[in-house]
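Fold the following, please.
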Amino acid sequence: MAAVDSAFNSLAHTVLGNNARTLEDLVKEMLRPMLKSWLDDNLPGLVDRIVRAEIERVSRGR
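Modelled structure (predicted):
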């Protein structure tokens, strides 16, 4: 039983050690254009709405 446990631990360590960074890089590469697109579409409106709300709040003296 210990030999099987050791073999699986060795396999898991090898797979995670070799592919974890590659998987992370792949996810980053996939998400970067999606995040950029979302920010391009939504950030100006968010900033505008928040700035207007803050200007109103400050102008009312709160």
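
which SS class is Ala7?
What DSSP: H, G, I helix; E, B strand; the rest coil gives for Ala7 is helix.

average pLDDT for the helix or strand hosting Asn42?
Assigned by DSSP states H and E, Asn42 belongs to helix 2-59. Averaging pLDDT along helix 2-59 yields 87.

how much distance is there from it to the middle of the chain?
1 Å (C-alpha atoms, centre = their mean, to the nearest Å).

Against which helices or strands is that helix packed?
Taking 3 or more C-beta pairs under 8 Å, 6 or more residues apart in numbering; DSSP states H and E as contact, there are no helices or strands that helix 2-59 lies on. From N, CA and C alone the C-beta is placed, and that goes for glycine too.

And His13, how far from Arg52?
According to C-beta to C-beta, to the nearest Å, His13 and Arg52 sit 54 Å apart.

who's in contact with Asp48?
Neighbour list for Asp48: empty [criterion: C-beta atoms under 8 Å, 6 or more residues apart in numbering].

now it: how far from Asn42?
Taken as C-beta to C-beta, the span from Asp48 to Asn42 is 11 Å.

again, but for Met1
With C-beta to C-beta as the criterion, Met1 and Asn42 are 54 Å apart.

Among the two, which residue is more densely surrounded?
Asn42 (10 against 5; other C-beta atoms under 10 Å).

Leu31: neighbour count?
11.

Roughly how far does it sit from Leu46?
Applying C-beta to C-beta to Leu31 and Leu46 gives a distance of 19 Å.

Please consider this matter closed, and thank you.
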